[in-house]
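J.: coordinates only, sequence not included:
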């Protein structure tokens, strides 16, 4: 159980960096939580789109951050499942007047938890 608790704490730290990176528009912080080959898939109004992590980060770099827009920080972890060196987190990311839900796959690479894939959808 200690291993689960340790991994849960490490993953929570990664997820908090993910939230803070999004909220503050901190591209280097966001880059640190993603594996360099991560794929982002998202459903927008019934249309499926895919991006590389670099394309995703470029979009974050070009937009105003929620913090700059004076938005309240409301992001939260809804669930976390861990099996060995893999995990899946369901998180809520309400930003830009939208209510996003992300499913984040995480894996240990070189002794560090990183996000390997992100699936996102917007709920009205």
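T.: Alright, I've got the coordinates. Worth saying up front: this structure is predicted, and the values here are computed from it rather than measured.

J.: got the residue ranges for the strands in this protein?
T.: Using DSSP state E, the strands of the chain run over 34-44, 47-52, 76-83, 86-95, 98-109, 112-123.

J.: What pairs with the first one, parallel or antiparallel?
T.: Right, strand 34-44. Applying DSSP bridges, strand 34-44 is found paired with strand 47-52 (antiparallel), strand 112-123 (parallel).

J.: And the strands of the chain: which comes nearest residue 13?
T.: Residue 13 lies closest, by C-beta to C-beta, to one member of these: strand 112-123, at 8.2 Å. Just so you know, the C-beta spots here come from the backbone N, C-alpha and C atoms, and that holds for glycine as well.

J.: buried set for that closest one?
T.: For strand 112-123, a neighbour-count test (16 or more other C-beta atoms under 10 Å) marks 113-121 as buried.

J.: To residue 73, which of the strands paired with strand 34-44 lies closest?
T.: Of these, nearest to residue 73 by C-beta to C-beta is strand 112-123, at 18.1 Å.

J.: How about residues contacting the closest one?
T.: By C-beta atoms under 8 Å, 6 or more residues apart in numbering, the residues outside strand 112-123 that reach it are 7, 10-11, 14, 18, 33-35, 37-45, 56, 87, 93, 98-108.

J.: run the last query once more with 7 Å
T.: 10-11, 14, 18, 33-35, 38-44, 98-107 (C-beta atoms under 7 Å, 6 or more residues apart in numbering).

J.: will you turn the strands of the chain into a markdown table that also has mean pLDDT?
T.: A markdown table is the format used below for these (pLDDT from 0 to 100):
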| stretch | mean pLDDT |
| --- | --- |
| strand 34-44 | 95 |
| strand 47-52 | 96 |
| strand 76-83 | 97 |
| strand 86-95 | 97 |
| strand 98-109 | 96 |
| strand 112-123 | 96 |
